[in-house]
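Colleague: sequence unknown, structure follows:
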């Protein structure tokens, strides 16, 4: 039976640079990242983004963004792979925060920061070492 890799879903509404930098920090750790971008990305932007084996960027038309993100999040939870859900604004954090607690999923906010990005939870920054440990803890049993 093949191993199923843990998954981080990133909801990108306001800018993808911070979320992308966060995913690149973890790309070699066999964590699969899916960035769901609200709105269409221009082809010129897509060509600037170097493809990575564990990182996908999907652009979704604005009217379909919320239904699509809920479907992806629920499917990922039901598959047992969803490790974390990253958002880039407070409104999205409010939408998914309660659901994350019920579903047992880490929901955090990613923002641009001095070192490329910062991850926040419970209204305070999470040190990178703590975020790294949280992303890699108790995942050896995924199959």
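Modeller: Right, received. Where do you want to start? None of the values given here were measured: they were computed from a predicted structure. Numbering: from 1, shown residues only.

Colleague: burial count for residue 102?
Modeller: The criterion is other C-beta atoms under 10 Å. On that basis, residue 102 has 9 neighbouring residues. The way it works is simple: take the backbone N, C-alpha and C, and place the C-beta from them, glycine included.

Colleague: quick check: pLDDT value at the nearest residue to residue 17 once chain neighbours are set aside.
Modeller: Counting by C-beta to C-beta, 6 or more residues apart in numbering, the nearest residue to residue 17 once its immediate chain neighbours are dropped is residue 112, at 6.4 Å. The per-residue pLDDT reported for residue 112 equals 91.

Colleague: contacts only, for residue 112.
Modeller: Taking C-beta atoms under 8 Å, 6 or more residues apart in numbering, we find residue 112 in contact with 15, 17, 18, 118.

Colleague: return the residues in contact with the third one.
Modeller: Contact partners of residue 18, counting by C-beta under 8 Å, 6+ apart, are 88, 110, 111, 112, 113, 116, 117, 118.

Colleague: now, of those, which are buried?
Modeller: Neighbour counting over these (16 or more other C-beta atoms under 10 Å) leaves 88, 110, 111, 117, 118 as the buried ones.
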